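Engineer: okay, sequence plus prediction incoming.
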Amino acid sequence: MNTRMVLLEELNRLRHDILAMASRVEEDLGKAMSAMINNDPDLAREVKANDAVINALQLKIEDEAAIVIATQQPVARDLRELVTIFKLTSDLERAGDHAVHLAKAAIKLSGKPPFRSTERLERMAEAGKEMIRSSIAAYLAQDSEAARKTAMLDNTIDEEHRLLVEEIMDLVKEHPKLIKKAIRLINTSSYLERLGDHITNICEGIIYMVEGRHEELNE
């Protein structure tokens, strides 16, 4: 097997592992949100336990990518992809961390009467799941335009977060005793807002991989 074929085979293996990692993060985000909606601390604990799997996948992928760079000496677009992989796995891991934070919040809130509707949080989580799914599809397809479109979904998350914070602050002005619950809910919303930022970073990495230039998205 020639050198080029070996490199392509190794890249395909890495892509498969990245897809598996992203699928885990998306699944955990969905479970964490479901745990919050349905007052299910056991499901939330499952998300916390899965974090170790995501962390292990990150290390595995990065170790393998480093070996490919050292042994196959890739150039041009292949090298850019391998460099991007390190950024991609780091941001996926951080997105997974925010899913865990959401799960922890679900545990803390379990058994307590709901502070307010979770509809905005649900919309943020759904947009986050779609961003994860679409960004990895863009990576696998090597499609920078699809990455740009995916990053625009972060605007939805940001807007829902902004509106939620405004609503809660207005409520606290009328009911100051709710301040502790308000802060907890704002922090929970912030986890989802930051998750969207990490997926936007992935989209920026895809653009670099495909086009060889750095581009800031959703400034």
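Structural biologist: Cool, the structure landed. Residues are numbered from 1 along each chain as shown.
Engineer: quick one: contacts for the most centrally placed residue in the chain?
Structural biologist: Centroid-nearest residue in the chain: residue 95, 3.4 Å away (criterion: Cα atoms, centre = their mean). Residue 95 makes contact with 25, 29, 128, 132, 195, 198, 199, according to Cβ atoms under 8 Å, 6 or more residues apart in numbering. To be clear about C-beta, it is placed using only N, CA and C from the backbone, and glycine gets the same treatment.
Engineer: quick check: it vs residue 89, distance?
Structural biologist: 11 Å (Cβ to Cβ, to the nearest Å).
Engineer: same check on residue 182?
Structural biologist: With Cβ to Cβ as the criterion, residue 182 and residue 89 are 35 Å apart.
Engineer: of the two, who's got more company?
Structural biologist: residue 89 (24 against 20; other Cβ atoms under 10 Å).
Engineer: ok now the helix or strand containing the more buried one, how far from the chain's centre?
Structural biologist: Under the criterion of DSSP states H and E, residue 89 resides in helix 76-109. Helix 76-109 has its C-alpha centroid displaced from the chain centroid by 5 Å (Cα atoms, centre = their mean, to the nearest Å).
Engineer: check stretch 46-64 too.
Structural biologist: 13 Å.
Engineer: now do stretch 209-216, average pLDDT.
Structural biologist: Stretch 209-216 shows a mean pLDDT of 95.
Engineer: now it: buried residues?
Structural biologist: Neighbour-count burial for stretch 209-216 flags 209, 210 (criterion: 16 or more other Cβ atoms under 10 Å).
Engineer: ok, now stretch 7-20?
Structural biologist: Applying 16+ other Cβ under 10 Å to stretch 7-20 flags 7, 10, 11, 14, 15, 17, 18 as buried.
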